[in-house]
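S.K.: sequence and predicted structure, then a few things I'm wondering about:
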Amino acid sequence: MDEIAYRRTYRAVNQIACPFEKAVLTRRCQCEKSLRLNIAEREAAGCSSDEAQHECDALLHLLRRNALFALKLTHVDGMLPHAKEMKVQCGGLLGVQAAVEPDAAEEAGVANVFALVSRAIEKFGSLEALPFSDIVKFISAFEFRRRTGR
């Protein structure tokens, strides 16, 4: 399947795209609203709720904007390169989790992104009020699993 046909099919099948698709597809983050889709040999993640997608998209926008310095960027126009986007999505969600549940044991992933975003809004009043200076530390520190020797 060529890339243009894939993108066209992706948009037709995945009408509510998951903002944290990369994090969800790594299986480091799960979400009660997530839908897994298979298109040809590729996997995609969608969302079952417009409201949840809107809240997650707002959080991702704030994470990208607040992580610019840590990512050595001056601005963001849409998606970041894959490695930086992974740091923002996975590290950002881990940072939000630590901010919402500071006494919880540090986990390798997020069990439910939608529930986490909802608890963050409940605890801080809005997504804009999150402690981004602390969250960005998690984005900076996030590392991918290293591949083992071949």
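M.R.: Noted; the coordinates are in hand. Bear in mind the structure is a predicted one, so any value in this text is a computation, not a measurement.

S.K.: what comes up buried for the top helix by length along the chain?
M.R.: Looking across the chain with DSSP state H, the single longest helix is helix 50-66. Of the residues in helix 50-66, those buried by neighbour count under the rule 16 or more other Cβ atoms under 10 Å are 52-53, 55-56, 58-60, 62-64, 66. In this view, the C-beta of every residue, glycine as well, is placed from N, C-alpha and C.

S.K.: between those, which is nearest Ala17?
M.R.: For these, the minimum distance to Ala17 (Cβ to Cβ) is 7.3 Å, reached by Gln53.

S.K.: what's the spacing between the closest one and Glu107?
M.R.: Distance from Gln53 to Glu107, counting by Cβ to Cβ, to the nearest Å: 24 Å.

S.K.: tell me which other helices or strands the lowest-mean-pLDDT helix or strand in the chain touches.
M.R.: The weakest-scoring helix or strand in the chain, judged by mean pLDDT, DSSP states H and E, is helix 3-13 (a mean of 73). Counting contacts by 3 or more Cβ pairs under 8 Å, 6 or more residues apart in numbering; DSSP states H and E, helix 3-13 packs against strand 34-39, strand 42-47.
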